[in-house]
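K.L.:
Requesting a structural model of the entry that follows:
(4 chains)
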There are 2 protein chains.
Amino acid sequence: MVDDQLSRVFAALADPTRRDMVARLAGGDATVGELADPYDVSVQAVSKHIKVLTGAGLVTRRKDAQRRPCHLEAEVFDLMTKWIERYRRQAEERYARLDAVLAEMGGNEQPTDNQTFEQGAAS
Amino acid sequence: MVDDQLSRVFAALADPTRRDMVARLAGGDATVGELADPYDVSVQAVSKHIKVLTGAGLVTRRKDAQRRPCHLEAEVFDLMTKWIERYRRQAEERYARLDAVLAEMGGNEQPTDNQTFEQGAAS
DNA sequence: TCCCTTTTCAACCATACGGTTGACAAAGGT
DNA sequence: ACCTTTGTCAACCGTATGGTTGAAAAGGGA
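P.N.:
Presented below is the predicted three-dimensional model:
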């Protein structure tokens, strides 16, 4: 289930327009109309984008008369950074181990094609 | 054009199967066949996934007889974390400023609907 | 009340995506 | 030489995605 949200968050940010909207929301809440302004697409299209972002948990809506301003939920970023950091670290540790092995044997032994492969569970 | 790679990286990681493959590659290089093993999809499908990952710069291929082992390029992660951290920080600073303002005025002034909006350029 | 603003819903269209099967190239093993 | 292993290319299929237009709901202002 966390997996599903991760997928939605990554998918949401895969679109440049949506990334741009997130960037603008980082500077302050905004309504759909305001968000639509800079792009030359319909307001309906922007509404759909916002729906994707809220579906990913990146945006919440407030209610203010007819307006429904969008608010960025920055904590969701942690989901991604945690996933990323986990595997970045794992890859780095693997390199460190490899370097150690290479240093250990003075230099002539052929390095056995590194098939470590500890079957990392994917979140 | 950095933008385009960012899009490709996010899109690549939006798929759970691809995320799982990245997780496995963090533990060591692997061939398409080895990667395909755990899933019950065709080798061709996995080949396509790998193509997406290489297109995003997340994976490079070595050449070893008939085999073409996949290697994880973990540096690409930085692209994402940089983008993420930038806007997370911006959002946090905005909160800090808001809190300061709220503290400043003793408590009764109505907070003017915060429309800061410094038009953050989106990478 | 009537109208204007803001937003969403519904239907539609073109394209992209993830999967399949079938054929074939490339490199070794025997 | 022959066969096996490994991987990719090509064509196809169903569904999702991002966009459009048109209609309508929700709320406030005159």
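K.L.:
what's the burial count for A:A74?
P.N.:
If you count neighbours by other Cβ atoms under 10 Å in any protein chain shown, A:A74 ends up with 20. Heads up, the C-betas are built off the backbone N, CA and C, glycines and all.
K.L.:
got it, and the one 4 residues further on?
P.N.:
Here the count is done by other Cβ under 10 Å, and A:D78 has 11 residues near it.
K.L.:
Where does it sit, in terms of helix or strand?
P.N.:
Using DSSP states H and E, A:D78 falls within helix A:77-104.
K.L.:
A:H71 now?
P.N.:
Using DSSP H and E, A:H71 falls in strand A:70-72.
K.L.:
That strand near chain B at all?
P.N.:
Yes: using Cβ under 8 Å from any Cβ of the partner chain, strand A:70-72 reaches chain B at A:L72.
K.L.:
for chain A, which spans come out with low pLDDT?
P.N.:
By pLDDT under 70, the weakly predicted segments of chain A are A:1-3, A:99, A:102-123.
K.L.:
What residues does it have near DNA strand D?
P.N.:
Contact residues (Cβ under 7 Å from any atom of the strand) of chain A with DNA strand D: A:11, A:14-15, A:17, A:40-42, A:44-45, A:48-49, A:52, A:65-66.
K.L.:
Out of those, list just those in helices.
P.N.:
Secondary structure from DSSP state H places A:A11, A:T17, A:Q44, A:A45, A:K48, A:H49, A:V52 of these in helices.
K.L.:
Considering only these, which also neighbour chain B?
P.N.:
Restricting these to those near chain B by Cβ under 8 Å from any Cβ leaves A:A11.
K.L.:
ok, so of the ones in helices among the residues of chain A next to DNA strand D, who is nearest B:G27?
P.N.:
A:A11 (25.1 Å; Cβ to Cβ).
K.L.:
give the contact list for that closest one.
P.N.:
Taking Cβ atoms under 8 Å, 6 or more residues apart in numbering or on different chains as the criterion, A:A11 is in contact with A:V52, A:A56, B:F10, B:A11, B:A14.
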